[in-house]
Every structure is written in structure tokens, then in C-alpha cells.
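S.K.: here is a sequence together with a model predicted from it:
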Amino acid sequence: MRRTLSPAYGWLSLGIVLPFIAAANAADMDLPTAPKPAAYSWTGCYVGAQLGRAQSRAHWDYTTSNPYTAFGNVEPQKNFGADFSQERWVAGGQAGCNYQLGGRWVVGLEASGFTNPLNETKDNHFDPFFNDVNHRFNTMITTDVLSVTTVTGRLGLAVAPDWLVYGKGGFAAGRIKTYGALDPANPAGLDWKDTQWHTGWTAGGGFEYRLFRNVTIGAEYAYVRLNNKDHVGTVAALDTLPSGAVVPANPVLHGVSADIHSVMARINFYGLGPAAANVGQSPVFTGTFSSFATSEVKFASWTGTRGSNVFAGDPGKGYQIYSPTTVGINYDLPSELKVEARFKGGYVYARQQTSGQGATYDGPVDSQVSLNATLLNWESVRPTFGVAMNLPTGNAYLPYNQRFARMDTDLVEVGAYGAGFNVNPTAGLVFGLNQSTALSVSAGYAWQGEFTREGIDLAPENGFGIFDLKRKVNPGDVFTGNANLTTSIGKAVLLTSFAYMSESQVTIDGLATGRNGARYISNAAMIYQFDDQWSATLNGSWSYQGKNEIPGLAGGLVTEPKNSNSNVVIGSIEPGYQVNDKLKLAVNYSVLWRDHNYYDPVEAQFVPAKLKNSVGGSIAYAITPTASIEFRGSHAWIRQDTGPLLVTSFIPPAAENLPPSMKFQAWFASIAATGRF
């Protein structure tokens, strides 16, 4: 998901300490020793079932003039494409065999399949009868991915006797049916259909847990790419040429491709090999598990000379209560492997109290899940692999005045509440340059799924200007490259990073509406420990985004003449005092400067240029060695500059610009509790 950069500004977390149980010491007596159960190998064959969600996209490229883009051989050629997108439940099955090598590594081969991840019908927005009062029809087109089959190799690591983590990749094939028809039905000979097998590739990964001796459960993510292939939709209609000759109308010739992301829960039944029987002890596992949970409540309120609609003149105010929860599980196998799993979800109550813009959002926000693995086999180089997913548990469709519940992310913690299903795999390397310095480089690619957002209805019969339309927003994909350097010099620890982001075009209802310029982000932080009690943390960041591509007057996208994006500079300092081994006090100051106004077409948010100063403090207390609580609070002053976005008056002596200069004040408070177990 795209997010506008903003500093924490003294945020504190508010939450409830999660209970945890300490292990009791054994009594000083001799007890009979129970026999240690034998472990089971992962070697063997299995069959199973899977159930989950798939997010699919398909694209058509018309390669000839046809009755669905122009009327046969008569009209000039019009070559438009078509995009389809859908998220739905899918089910399937799998069968395969594993072989556990001498250590913990497991290799395997698997065949799997699932049914019908995409079946969408849409209006092609072309009337073959050119609005003839006697022939008013729409051309409806459909893509139906009937089934998907894969054959993959698997490489896994048995991180514990009953846990297997694996990656997979290989061949994919899908059966795709495309068809078109007039709506309402008409015997004009323009209906057609065609079904083809498409080949491609797949990649993914997952885990299995041995529930019983012969039964495992698990979860798996997979990406499937079905390559482009021509479909031919033959119509029965005839055309009459200007010469009077009658010829068959052109077929609907179109190239079709599809992309599918799936997340599946799986169950496997072993019974065709050694895994069904006791094969003795597995290799000795010396890894350890650890976990933590953080629960927070964050409160923010603001008042200003305008509300969320910066083009309206009413003084504004609003507040937000945001309660996120983060759970993490770590597995550490010394000198071999480190695995980190994270889940974050949250609930928000946001209230816009500006006159004429009153709105409330009360519900969950999107959730994030990530899994990262670092190989520790080499002393100075460590490969890292990971995947992060955004789960659309929030709501992106806020019709009517509810759209005003979205707020400036410089004034509250959460600006928007939902987007699509996103998947972001990454890979990188960590280099140990010396005993105190590490350099990491990584790259990732995020597939961002389509979501529904409100749009303005301009039809007079529906109440001109009402925000109730459902529009499909495809935010495009994002490539990211990162470099990070960490080092310690005496009493100081330095952390620096640089990121480059390149994004594909954004489409709304299949129409290209823009493409964000390349983004560059740099950060630096220093933690300096003066003595056992006094310390200071300094942070600084700078980001820059190049020119966007915007819709041109003649169609298509063109580069904007002036860069509408922002330079954003953020800085903060936080000196702290460790009162004792449990209590720490700190104060902080931070500043944000954004030099241009910016409109985010994905989240439908206008972010004005501004200068923001914030002052606050924090109290952290360690309740036990494994549980802590922290209170934070701050106050901010914001001045938003006059924006040359829209001139509203040309009458001398001066023209008025919108948005005008604005002033805001904001208050932040939070409490957070963390438990480690």
C-alpha cells in the first residue's frame, strides 16, 4: 500500500499486557522417566486438499477490428484492451512425494490444482448499433479461468521435528474461456465463445505442521502467471461493404493473459512411504522459539482553520482512536537459520466533526502478515528471503459524506482504512564488513491488488454530484531496491538507509489515470549513550519523488510539465534518562517540512504542503523482565502553506488560491504494553 511519509511525533502506544506463564521448577524427587517419542521423517508420498482465496487479473489485447470494438469490416479499426479482476474462494487438491536428505533439508515434487479463480463479466462500453433507438444494446464480455494446474519442485527445511518450511516453483497451465454476448439478448449473430489452454509458471512457498503421524496441516502462498495466447471468437454476423459485397464480420481476435495470487490452507495425508511408519529419530534440533505481543491504543485530536475538505471554508476539527496489535514469532537455529513471522491488525474509530463534513469510520483497518528467513551458514554473508502481504480486512469504499472520515496522515495515525490484497516478496544479502559494521542490500516487487472505492456520480437522474459510485482502482505494482548500513563507533550506533521505488500505472475502471514518479528515500539515525543513565536518539530523513505521468488531452499518459510531488524532510531528537533498571524518562522534539501540495489518487487524499513542529515526552516502565508498558504524549503546531492548485478569483487586487494558508493544532497520546514469552 502507498502511505504518505510522516514522523511518529512522539506517538506512544496504549495497550494491555498479555498474560504469560512461567515454567514451574521440578520437585526434588526421582520420577519415572517416560520414553521419548520417536520422530518421523518427512520422506514419503501424500495426497491432500486445499482451500483459500485467490486474487486474479486477466488482460485482453484486441488485435483486429471486430464487432466489440468497431462494427466489423466497415468502421475504422479501434483497438481497445480489456482488464478483469476478481477475488474469490477457491478449492483444490494436491499429491506429491518428499525425500529428506541426510540432514534437515527436504526435496520433493508435487502436482496440484484448483478451480475457477476468475469468472467476471463486464460491459465493453461499445454499442455496435451506434445508439440506434431500435437497437440499444451493450456488448458484455467475460473471462472465465476454469481451472489451474501446476507441477512444481519443492525445497524445504525441517526447522523442528514437526515443522517444515519450503519454497516451490515450476510449470503452470490454465484453461481459460472467453466469450461475449449482447445485452439484452438479440439474434444478431454477434455472440461468441472460445476456450484455450494457457501455459506459464508458478512460484511460492509455505509451511507444514505434523498434526498426527500421518497427517499434516499448513498454509501456502503461490503466484501463477499464465502467458498470453490468442483466442478467436467467431461471430455469425455478416457485413455489407460499400461495394455491396456481403462478407463475414471479423472475428473477435484477442490475446489473453492472466496473473493469479492464492493463499491456501492445506491438509495432507501421508501413507505411501516411510513417513507412515516410525523410522527412528530425526536429526537433533537445537533451535529455540520466542515470541512477543504488543497491544496499543493511540489517540489523536486536531483543530484547524479548515476540515478534511481543504476547499471548503469551515473551521475543522476531528479525532481518532486507533488500536493496533502486533504478534511476532521467532525461530533461531544457531549458525544455520533465523525465521521471523509477524502479524499486525487493528481497529480504528475516526470522527470528522467539521461543519458540513461530519463523518465517522468505525471498523478494522487492513492487516499485514510477513515471513522472513535469514540463512546463517556463512560467517560474513547472510542471504535473506521474505514475503509480506496486505490483507484487505479494512474498508476502502466510503460513500457519500463518509469519505470525509479519511484524514491527513500528518494529523492522525491512520489516513485511509483499506486497499487491496498485496503480495511483496523480497530477497537480499547481509554483509558483515567487520565486527561492528553490517551492510545489507535487497530488492522486492509488490503486486498490488484491485479494490473498490467510491466515485462521483454525474448523472442528473441519480442526483448530480453524489459520491456513491463503486469504482475499481488498480494501484499497479511497485519495484523497490534498498540498501542499509549499520555500524557502531565508540558510544554511538549509526543506522542509515536508502530506498528506490518505481511504480507502474494506476487504472480506475480499466482506464489509465496516472503513474507516480520514481521515489527516493534516505534515512539516518544515531543512538548515543553518554553514560549508564543518559542517552539521546537523533533521526533524519529526506524523500523526493520525480514527475508523475498524467492523462493527456489526446488520450494516454504524458509527463506532467511541473513536478507536483514533494520534497519531505523529517527530523527529531529524543534525549532520555534511565532513572533505574525499570524506569526511563524521555522528551522529544520533531519537525516535518513538505514543500509541495500532493494528491494521492490511490487513497483519494489531498496532502497539503506544511511545516509541523511537535514537542512531547514519554515514560517507559519494565513491569517484569519480559513485560513493559510505555506512555507517550505530544502537542503539534502545523502551518499549511497557500497552495497554487486552483485560482478562484481573477479580480484585482489579488487572486485567491485554494487551498489557502491554514493553521492546525494537534494532540497525541498513547499507551502500549509489550509481553515477551
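M.R.: Yep, that arrived. On a predicted model such as this, the values are computed, not experimentally measured, just so you know. Residues are numbered from 1 along each chain as shown.
S.K.: ends of stretch 406-422, how far apart?
M.R.: For stretch 406-422, the first-to-last residue distance is 21 Å (C-alpha to C-alpha, to the nearest Å).
S.K.: point out where the stretch 51-200 of the chain drops to low pLDDT.
M.R.: 70-80, 125-137, 183-188 (pLDDT under 70).
S.K.: at 50 instead, please
M.R.: 76, 133 (pLDDT under 50).
S.K.: N377 contacts K338, correct?
M.R.: No. N377 lies out of contact with K338 (C-beta atoms under 8 Å); the separation is 11.3 Å. From N, CA and C alone the C-beta is placed, and that goes for glycine too.
S.K.: quick one: the strands in the stretch 51-200 of the chain?
M.R.: Ranges of strands in the stretch 51-200 of the chain, per DSSP state E, counting those that start in this stretch, are 81-100, 105-123, 138-160, 163-183, 192-212.
S.K.: what of the stretch 301-450 of the chain?
M.R.: Under DSSP E, counting those that start in this stretch, the stretch 301-450 of the chain gives strands at 316-333, 337-352, 359-364, 367-375, 381-391, 422-434, 437-448.
S.K.: ok, the stretch 501-650 of the chain next?
M.R.: Counting by DSSP E, counting those that start in this stretch, the strands of the stretch 501-650 of the chain are 506-508, 511-514, 519-529, 534-545, 549-551, 557-559, 567-578, 583-594, 598-600, 605-607, 610-624, 627-640, 646-647.
S.K.: now distance to V247 too, for those strands, in JSON lines please.
M.R.: Below are the strands of the stretch 501-650 of the chain laid out as JSON lines (distance: least, C-beta to C-beta, whole Å):
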{"stretch": "strand 506-508", "distance to V247": "36"}
{"stretch": "strand 511-514", "distance to V247": "33"}
{"stretch": "strand 519-529", "distance to V247": "53"}
{"stretch": "strand 534-545", "distance to V247": "53"}
{"stretch": "strand 549-551", "distance to V247": "38"}
{"stretch": "strand 557-559", "distance to V247": "37"}
{"stretch": "strand 567-578", "distance to V247": "61"}
{"stretch": "strand 583-594", "distance to V247": "61"}
{"stretch": "strand 598-600", "distance to V247": "50"}
{"stretch": "strand 605-607", "distance to V247": "53"}
{"stretch": "strand 610-624", "distance to V247": "64"}
{"stretch": "strand 627-640", "distance to V247": "64"}
{"stretch": "strand 646-647", "distance to V247": "53"}
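S.K.: got those strands as TSV, with mean pLDDT columns?
M.R.: Shown next, in TSV, are the strands of the stretch 501-650 of the chain (pLDDT from 0 to 100):
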stretch	mean pLDDT
strand 506-508	86
strand 511-514	82
strand 519-529	95
strand 534-545	95
strand 549-551	83
strand 557-559	86
strand 567-578	95
strand 583-594	95
strand 598-600	65
strand 605-607	66
strand 610-624	94
strand 627-640	93
strand 646-647	48
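S.K.: hey, what's T240 bridged with?
M.R.: V246 (DSSP bridges).
S.K.: what's the answer for G108, then?
M.R.: Under the criterion used (DSSP bridges), G108 bridges to N98, R154.
S.K.: tell me who's in contact with it.
M.R.: G108 makes contact with 96-99, 153-154, 156, 166 under the criterion C-beta atoms under 8 Å, 6 or more residues apart in numbering.
S.K.: can you tell me which of those has the most neighbours?
M.R.: N98 (26 neighbours; other C-beta atoms under 10 Å).
S.K.: give the contact list for it.
M.R.: 42-46, 106-108, 154, 156, 275.
S.K.: between these, which is closest to Y528?
M.R.: G156 (44.0 Å; C-beta to C-beta).
S.K.: quick one: the closest one and Y209, what's the gap?
M.R.: 13 Å (C-beta to C-beta, to the nearest Å).
S.K.: now do the shared contacts for those two.
M.R.: Between them, G156 and Y209 share these contacting residues under C-beta under 8 Å, 6+ apart: L164.
S.K.: okay, now the domains of this structure?
M.R.: Domain assignment for the chain by automatic domain parsing gives 47-276, 288-676.
S.K.: got the end-to-end distance for the longest one?
M.R.: Read it as domain 288-676. 14 Å.
S.K.: returning to that earlier point: mind checking which of the strands of the stretch 51-200 of the chain is nearest V348?
M.R.: The nearest among those, by C-beta to C-beta, is strand 81-100 at 22.6 Å.
S.K.: extract the CA atoms of the closest one and return them as CSV.
M.R.: Presented in CSV, the C-alpha positions along strand 81-100 are these (Å, rounded to 0.1, in the frame of the first residue of the first chain):
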residue,chain,number,x,y,z
GLY,A,81,-8.0,-3.7,-24.4
ALA,A,82,-10.0,-5.0,-21.5
ASP,A,83,-9.0,-5.8,-17.9
PHE,A,84,-10.6,-8.2,-15.5
SER,A,85,-10.0,-8.5,-11.8
GLN,A,86,-11.7,-10.6,-9.0
GLU,A,87,-11.0,-12.1,-5.6
ARG,A,88,-12.9,-15.2,-4.6
TRP,A,89,-12.7,-18.5,-2.7
VAL,A,90,-11.1,-21.5,-4.5
ALA,A,91,-10.7,-25.2,-3.6
GLY,A,92,-8.4,-27.9,-4.9
GLY,A,93,-6.1,-30.8,-4.2
GLN,A,94,-2.5,-31.9,-4.4
ALA,A,95,-0.4,-35.0,-4.5
GLY,A,96,3.4,-35.4,-4.2
CYS,A,97,6.4,-37.1,-2.7
ASN,A,98,9.1,-35.8,-0.4
TYR,A,99,12.6,-37.1,0.4
GLN,A,100,14.5,-36.0,3.5
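S.K.: check contacts around the closest residue to G204 other than its chain neighbours.
M.R.: Spatial nearest neighbour of G204, chain neighbours left out: A222 (3.4 Å); criterion: C-beta to C-beta, 6 or more residues apart in numbering. By C-beta under 8 Å, 6+ apart, the contact set of A222 is 150, 168, 202-204, 261-262, 264.
S.K.: wait, a helix at A222?
M.R.: No. Note on A222: no helix contains this position according to DSSP: H, G, I helix; E, B strand; the rest coil, which reports strand.
S.K.: dump the strands of the stretch 51-200 of the chain to JSON lines, plus distance to A293.
M.R.: Below are those laid out as JSON lines (distance: least, C-beta to C-beta, whole Å):
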{"stretch": "strand 81-100", "distance to A293": "29"}
{"stretch": "strand 105-123", "distance to A293": "31"}
{"stretch": "strand 138-160", "distance to A293": "21"}
{"stretch": "strand 163-183", "distance to A293": "21"}
{"stretch": "strand 192-212", "distance to A293": "20"}
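S.K.: many thanks, have a good one.
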